[in-house]
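**Q** Quick one, fold the following:
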Amino acid sequence: IGHPMIRVLLISCVLSATCFSSGVFLAFGADEPVVSPLTEDEQQAMDGVKQSEVLSTVAFLASDEMAGRNTPSRELDIASAYVAARFRGAGLEGLGPDSNYYQITELIQYLIAPGLAEISVAGSPVPSRGILFAGENAVALTAVVTNDKRLDDVSGKVVVIDEFPLPPQAIENPNMMLVTWARRIGPIASKGAAAILVRTADTSSLPEVAQRLKEKPLSLPPQFLVACPVVLIPADAKLDGAVTITAPAREAIATPVKNVIGVLRGADPALAQEAVIISAHLDHIGQLPEERQGDLINNGADDNATGVTAVLTLADAFAQLGNRPQRSVIFMTFWGEEKGLLGSKYYAENPLWPLEKTVANINIEMIGRPEENAEGKTWGTGWNRSNLGQLMALGAARADVNVFHREDVSEMLYTRSDNYSLAQKGVIAHSFSAGSLHSDYHQPGDEVSKLNLPHMTRIIRGLFAGALPIVDGQLTPVKTEK
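**A** Reported below is the predicted structural model:
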């Protein structure tokens, strides 16, 4: 689940023993649908979901060798190739161009170009402590200094501001830090400031962050790019009159990234034109800075190697059915969820299956670490926005899995995973989770050794049984009024 600002709430839920008992089912009303018992074919396919195979898949995806599957990274590319190979092995058809398994685009990242900012006043140099933002072009300018905090008249001037405090997690996360700063100084840049100088204390962490920005490219949404250079200076720097500044530009670096997509075509000629997407995000957040001590790898076992393992295992299970589902089933893993749902947003803007023919998206997030007394239970986000959760509950009960409405986080987490990218385009799309919102979230402690494998295997079987009536055309989810 890719959003750093929800962490306090997530950890607080860990401490609550009532989190999993807070949900209740919504009533269907008089026309409550029913599902048939599993056929022998379906039971055999579900029984083929084995704990040993679940372990081998999740252990590979969350191994140290995968280095946290950051976006972009060589390790994420390897994980993508693994998913594609598994889809091919299951007999799925590639849904990408020329029937391959990849939907490829480019992620644009930014790096501050080599070179230092140079500052002088009346020919006397002013020390530069680093560059937080660089413009699209290198600059060489002389302009008047202003401390106008009201931004009444900053156009063409050099604006001097004081450093503002940041939460510790922002310093550890350069992307988060830059977004925070961009929100603060964006109004200054938008008023036409020629440059912004930031007074920093000797104890400030910003120079260290600025150095990282010259060494490692970062992803930054276009709305958070700052048009003018932003340079760090000592807190006691003397600035009077006109200031001369030279600063390098930012460099844009394009890296290929991939959604991995396979389809099991439906057996019914008409219903096969409709599809259910079963998805999970493949990426995680990579490694901590090398200067940190101890374990640096954020393995992302629960978040979200468990979800990807479910997608791969479900692909195998559905492909093993002697009687193929009537509707088509699309299996997909997304890149860049942790960077802001980027892979799913790209798919939603460039769908490989008509969105109006996409019956539902069953997105899977963190299913490996149940809270106490919550084994065999899974909850859906945005529960009140459609009846998908209720339909899944009917089918999953046949596998002794309880799909329920978890009221404490259902609505808040609805917008925090890849389902939301499709929901914004009108698709009925929800995430299903069966893990605890644990203190290892986005930490190196999210390891395979902490997963509850019997629970995880049971949940995957439940998702299979829950999705069967939908992919077979017996049930069709509909939107409900929130």
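
**Q** Please report the distance of Pro248 from Pro222.
**A** Taking Cβ to Cβ, to the nearest Å as the measure, Pro248 falls 20 Å from Pro222. (C-beta placed from N, C-alpha, C; glycine too.)

**Q** ditto for Tyr102
**A** In this structure, Tyr102 and Pro222 are 24 Å apart, going by Cβ to Cβ.

**Q** pLDDT below threshold where in this structure?
**A** Counting by pLDDT under 70, the low-confidence segments of the chain come to 1-31, 149, 168-172, 291, 482.

**Q** switch the cut-off to 80
**A** Residue ranges of the chain with pLDDT under 80: 1-32, 147-152, 165-176, 212-213, 289-293, 435-437, 481-482.

**Q** Send over the lengthiest helix in the chain as CSV, restricted to the C-alpha atoms.
**A** Using DSSP state H, we find that the single longest helix of the chain is helix 453-471. Listed in CSV are the C-alpha atoms of helix 453-471, where the atom choice follows Å, rounded to 0.1, in the frame of the first residue of the first chain:
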residue,chain,number,x,y,z
LEU,A,453,1.6,-19.3,5.2
PRO,A,454,-1.4,-21.6,6.1
HIS,A,455,-3.5,-18.4,6.4
MET,A,456,-2.2,-17.0,3.1
THR,A,457,-2.8,-20.2,1.2
ARG,A,458,-6.4,-20.4,2.6
ILE,A,459,-7.1,-16.8,1.6
ILE,A,460,-5.9,-17.5,-2.0
ARG,A,461,-8.3,-20.5,-2.1
GLY,A,462,-11.0,-18.2,-0.8
LEU,A,463,-10.3,-15.6,-3.5
PHE,A,464,-10.5,-18.3,-6.1
ALA,A,465,-13.8,-19.6,-4.8
GLY,A,466,-15.1,-16.0,-4.4
ALA,A,467,-14.2,-14.9,-7.9
LEU,A,468,-15.5,-18.1,-9.7
PRO,A,469,-19.2,-17.1,-9.9
ILE,A,470,-18.2,-13.7,-11.3
VAL,A,471,-15.8,-14.9,-13.9
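
**Q** which residues touch Ser99?
**A** Glu93 (Cβ atoms under 8 Å, 6 or more residues apart in numbering).

**Q** That one and Ala310, how far apart?
**A** The separation that Ser99 has from Ala310, given Cβ to Cβ, amounts to 25 Å.

**Q** Ala143 too?
**A** 57 Å.

**Q** ditto for Ile364
**A** To Ala310, Ile364 is 5 Å away according to Cβ to Cβ.

**Q** Could I get the full set of helices for the stretch 151-300 of the chain?
**A** Assigned by DSSP state H, counting those that start in this stretch, the helices in the stretch 151-300 of the chain fall at 168-172, 174-190, 206-215.

**Q** Sort out which residues of the longest one are buried, please.
**A** Just to be clear, that refers to helix 174-190. Pro174, Asn175, Met176, Met177, Leu178, Val179, Thr180, Trp181, Ala182, Ile185, Ile188, Ala189 (16 or more other Cβ atoms under 10 Å).

**Q** Closest one of those to Asp408?
**A** Met176 (25.0 Å; Cβ to Cβ).

**Q** My read is that Trp181 contacts Leu132, right?
**A** Yes. The pair Trp181 / Leu132 is scored as a contact, 6.1 Å apart, by Cβ atoms under 8 Å.

**Q** if I pick Leu282, what's in contact with it?
**A** Listed by Cβ under 8 Å, 6+ apart, the contact set of Leu282 reads Leu61, Arg69, Leu76, Ala79, Ser80, Val83, Val260, Asn304, Val308, Thr333, Phe334, Trp335.

**Q** so what's it closest to, chain neighbours aside?
**A** Distances taken as Cβ to Cβ, 6 or more residues apart in numbering place Thr333 nearest to Leu282, at 4.0 Å, with adjacent residues excluded.

**Q** Good, we can wrap up now.
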